[in-house]
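In: mind folding the following:
(chains A and B)
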Amino acid sequence: MAEKYDPIELDRKWQRRWEDARVAFVDTSDGADKFYMLNMFPYPSGSRLHVGHGRNYILGDALYRRERMAGRRTLNPMGWDAFGLPAENAAIASGVPPREYTTGNIARMKEQLRSLGLLYDWSKELASCDPAYYRWNQWLFLRMWERGLAYRKTAPVNWCPGCRTVLANEQVVDGRCERSGDAVEIRDLTQWFFRITEYAERLLAGLETVDWPERVKVMQRNWIGRSEGAEVFFRVDALAEPIPVFTTRPDTLFGATFLALAPEHPAAARLAERSPLSGDLARFIERVRRSSRLERESETGEKEGMDTGITALNPATGETIPVWLANFVLPDYGTGAIMGVPAHDQRDFEFARRYGLPIRPVYRSDAEPDPDAMTAAVPHGGVLFRSGDWNGTPNGPAAVSKAIDWIEARGLGRGRLGYRLRDWLISRQRYWGTPIPAVHCPDCGVLPVPDEQLPVLLPEDVAFRGAEGNPLEQSEAFVATSCPDCGGPARRETDTMDTFVDSSWYYLRFLNPGDSSRMVDSERAAKWMPVDQYVGGIEHAILHLLYARFICRVLKDLGLVDLEEPFARLFNQGMITKLNPASGKIEKMSKSRGNTVSPDELIARFGADTVRVYTLFIGPPEKESEWSEEGVAGAWRFLQRVHDVCARAEALPAGERAEDSPLTRLAHRTIQRVTEDAQRFHFHTAVAALMEFQRGMAEALDSGEESPGALRRAAETLVQLLHPVAPHLTEEWWERFGHRTFLLDSSWPAFDPALATTERVTLVVQVNGKVRGRLDVERGAPEPDALALARADEKIRTWLEGKEIARTVYVPDRLLNLVVR
RNA sequence: GCCGGAGUGGUGGAAUGGCAGACACAGGGGACUCAAAAUCCCCCGCUCGCAAGGGCAUGAGGGUUCGAAUCCCUCCUCCGGCACCA
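Out: Predicted structure coming up:
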């Protein structure tokens, strides 16, 4: 046998070769045969990657190499989502400046990616903390400000005490900060927002056009939360302006027996002043405002309210109804005010019962519901009654639109859509992010930084003391500026942008990373966008993916790109899990749980190819899979065997034409299987097919029944098909088989459908649907032949004894079913 | 509660209307070796049977079909999302 398989040496050799040749470089000025594939760019964390992270990149690299061999000019860039809290926290903890910390992490992480044999077009590398990058965040912000898409408002916002900053709605999970887990407080603050709600309809519509996992699309639809309804105006006797109410059931307007306002509603305070219960109301408003999100949203939370003593007019009945403040009315959904229809809405019902408010049913199925006997709201159903002109209208969408028409005709309101989606709060009271380019002038107000002054640089000579808050506030050199309008002394905005702004357009920047003249190269974007295949974790199902879709639309409206959906196809890889010795349970692999496996040691011992083979073989990539140390050894053994069969085939002469032989047929069948599996990312079954192929080759080498040419060609096919999974070993053999160019640059093998089959097939014979025998027949054997063979078969004959064949079902090359009586 | 996904040997999984368990891992047996490691070969769903062979089996129950892990209905369990959103 030839020399031993030395993966460490091969890793070194081929990683250097690929790098020296800049194999992954793509000229993006040319869009011919383009394929843009992208892994979500990572945060350069201070801890080393574990094999769970590795799955994402290995899968991406295998896809990249496969697409490339299939003949596409494939772009596979990499960059760094380099702003964010950990670097700043590290600075507070250890005094290392965030930039230095981040740069060091990037270098280490890059080396780790390289050691896995991952190929990226590093000529397009970018880092979001680079002023050459983040200046375009600022430029975009200014354009959005001009169009009213970026704005400042004072509102109750989410405050994370642990992170000491506000958060977007999307970053609050179950009332807690998604990062730190701290309970989120509600504070009234003046903050910067992006008007994503204006794009709600377009964001929903676009979901129909992308090839994404259904669950991600469902999550986004849920998050946007569209509902159709109407805005109805209620005249309030103490106020000049009527109060608008959003409802999805305007058809129940005649059943509205009270009006309820969120305590945060701007009219609430004014009502309190005019109310005889002024003091009590003010205290109630204060108490509700101070409650945490956790309390406000908890399911057990009591519905609490207070009568303002002021009345409104039900616009349909003309009756006087009381105006209440209620804690269950949310300030930032709809109009922050509701009409209470206790007969047909469970929440309103509970509220009405608690405070003795009247209940007035307007839908009846058989008998009229008795308000006094009701123990719960009556579902909408039957027909309307006690509803004037609408009486007799059956429940359904027609009733709703009839009501809207009626309301609009009388000027009492209008049809409207409601969304659960809130505007994106982008300001952060932290240092390590893009400075928001605004100036506060005592005379002129809040003004944009002029374009020519961009970028507003993040100062790097600041002190990190922790509890004192954003170091930018302490940096007089940063804060002190002059007003762009009057020239007088002014102060800079010290909030920075949510880092999700950075990641919402980076995929475009890979096309012109060094371009200091513009944010996006529209021509190249036209040629290369959208990203054909995006790969990343499910944790960004809403956050990053929603923001990126939004910003892409904004860029379209700015005329910079001509598309709405940046990511045509999305793939979410499943997590890697492992037994956690601490808890005894199988859990997601993570540093904090202490159940990580480092790829570094495995690479040092078995080489990168083994880690790649096992990672891809572990299971279907979209599902979570449990890491097993023993499984790694299996991958290693397989590569060893591949090495052995290649070594045995090395000395054989390359054959001329493919002759028809069992091995050739196996090769073509394997090409077909691997090609199809790779197309649906199922490298685990592709590897299984290659394992069978390898064994078939070993047997053919032993038997001596195959020609040298067939053996040698099979070895080359094996090496080609295995390349996306195990690039180092396969490049080595490709070279030793006499090829002068990279295997990576070879053409993916094509299969001949006529050869991707065997000549003889096993025909299953069933009697009454049960398998009773198997026949070895020639492919394409006609039914009478098969039937004759089955009748002649001794085993099958015993099942037919004394029976009459009533019917036969014949599926050529597969099965013969004899139905007997 | 609503929506989405999943449930197959000891384990990861394969098969998406036609041989259930490919390919691996673990386990058992053997070869090589003074021995060990490495490597290679064989066995490996449950059950009845000396064997030949039979029966059962893809969360549970029903249905469609010549034939169901796969399609339909009812239910159970687990995972994920949304949920006081008017």
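In: show me what from the stretch 301-450 of chain A comes close to RNA strand B.
Out: A:301-303, A:327-330, A:333-334, A:336, A:338, A:345, A:347, A:418, A:420 (C-beta under 7 Å from any atom of the strand). C-beta coordinates here come from the backbone N, C-alpha and C atoms, glycine included.
In: so which of the residues you listed sit within strands?
Out: Among these, the members falling in strands (DSSP state E) are A:Ile338, A:Gly418.
In: now the two most distant members of the residues of the stretch 301-450 of chain A next to RNA strand B.
Out: Taking C-beta to C-beta, the two most distant members of these are A:Glu302 and A:Gly418; they sit 25.2 Å apart.
In: which of these two has more residues huddled nearby?
Out: Legend: neighbour count by other C-beta atoms under 10 Å for A:Glu302 and A:Gly418, higher for A:Gly418 (19 against 10).
In: that one is in contact with A:Thr248, isn't it?
Out: Yes. The pair A:Gly418 / A:Thr248 is scored as a contact, 7.1 Å apart, by C-beta atoms under 8 Å.
In: what's the overlap in contacts for those two?
Out: A:Ser227, A:Glu228, A:Gly229 (C-beta atoms under 8 Å, 6 or more residues apart in numbering).
In: which among these are in contact with RNA strand B?
Out: Filtering the shared contacts of A:Gly418 and A:Thr248 for proximity to RNA strand B by C-beta under 7 Å from any atom of the strand leaves A:Ser227, A:Gly229.
In: which of the shared contacts of A:Gly418 and A:Thr248 lies closest to A:Gln720?
Out: Using C-beta to C-beta, A:Ser227 comes nearest to A:Gln720 of the shared contacts of A:Gly418 and A:Thr248, at 53.9 Å.
In: so that closest one bridges to which residues?
Out: A:Gly418 (DSSP bridges).
In: gap between A:Ala93 and RNA strand B?
Out: Using C-beta to the nearest atom of the strand, to the nearest Å, A:Ala93 is found at 29 Å from RNA strand B.
In: next up, phi/psi of that residue, please.
Out: Main-chain torsions, A:Ala93, degrees, to the nearest 10: phi -80, psi -40.
In: A:Thr154 touches A:Trp192, doesn't it?
Out: No. Counting by C-beta under 8 Å, A:Thr154 does not reach A:Trp192; the two are 11.4 Å apart.
In: can you name the residue of the stretch 51-200 of chain A nearest RNA strand B?
Out: Of all residues in the stretch 51-200 of chain A, A:Val173 sits closest to RNA strand B, at 6.3 Å by C-beta to the nearest atom of the strand.
In: gap between that residue and A:Cys444?
Out: From A:Val173 over to A:Cys444 the distance is 40 Å, taken as C-beta to C-beta, to the nearest Å.
In: again, but for A:Gly415
Out: 41 Å.
In: same deal with A:Gly487?
Out: Counting by C-beta to C-beta, the gap from A:Gly487 to A:Cys444 is 10 Å.
In: again with A:Trp432
Out: 30 Å.
In: which of these two has more neighbours?
Out: Ranked by neighbour count (other C-beta under 10 Å), A:Trp432 and A:Cys444 place A:Trp432 first, with 26 against 15.
In: now do the same for the nearest residue to the more buried one once chain neighbours are set aside: its pLDDT.
Out: Ranked by C-beta to C-beta, 6 or more residues apart in numbering and with sequence neighbours excluded, the top spatial neighbour of A:Trp432 is A:Glu88, at 4.2 Å. pLDDT recorded at A:Glu88 is 90.
In: neighbours around A:Glu88, how many?
Out: Applying other C-beta under 10 Å, we find 23 residues neighbouring A:Glu88.
In: ok, now A:Pro581?
Out: Using other C-beta under 10 Å, the number of residues around A:Pro581 comes to 9.
In: how's chain A carved up into domains?
Out: Chain A is divided into the following domains under automatic domain parsing: A:136-195+A:425-499, A:227-418, A:594-745, A:760-820.
In: for the spatially most central residue of chain A, list the residues it contacts.
Out: Taking C-alpha atoms, centre = their mean as the criterion, A:Ala541 is the residue nearest the geometric centre of chain A, at 2.9 Å. With contact taken as C-beta under 8 Å, 6+ apart, A:Ala541 is in contact with A:Arg215, A:Val216, A:Met219, A:Gln220, A:Asn572.
In: now the residues you listed as TSV including pLDDT?
Out: Shown next, in TSV, are the contacts of A:Ala541 (pLDDT from 0 to 100):
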residue	pLDDT
A:Arg215	85
A:Val216	90
A:Met219	88
A:Gln220	91
A:Asn572	90
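In: in ChimeraX, select just the buried ones from the residues you listed.
Out: Selection command for ChimeraX covering only the buried members of the contacts of A:Ala541, criterion 16 or more other C-beta atoms under 10 Å:
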select /A:216,219,220,572
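In: in strands, which of the contacts of A:Ala541 appear?
Out: Applying DSSP E to these, the entries found in strands are A:Asn572.
In: ok, which of the contacts of A:Ala541 also contact RNA strand B?
Out: A:Arg215, A:Met219.
In: greatest separation within the contacts of A:Ala541: which pair is it?
Out: Using C-beta to C-beta, the two most remote members of the contacts of A:Ala541 are A:Gln220 and A:Asn572, lying 12.9 Å apart.
In: can you give me the neighbour number for A:Gly574?
Out: Per other C-beta under 10 Å, the neighbour tally for A:Gly574 reads 17.
In: that one contacts A:Ile618, correct?
Out: No. The criterion here is C-beta under 8 Å, and A:Gly574 misses it with A:Ile618 at 9.5 Å.
In: pull up the overlap in contacts between those two.
Out: A:Arg55, A:Ser625.
In: how about the backbone phi and psi for the residue of the stretch 51-200 of chain A closest to RNA strand B?
Out: phi -120, psi 120.
In: per-residue confidence for it?
Out: 84.
In: now A:Trp324
Out: Listed pLDDT for A:Trp324 reads 94.
In: give me the three-state assignment for it.
Out: For A:Trp324, the secondary structure call by DSSP: H, G, I helix; E, B strand; the rest coil comes out as strand.
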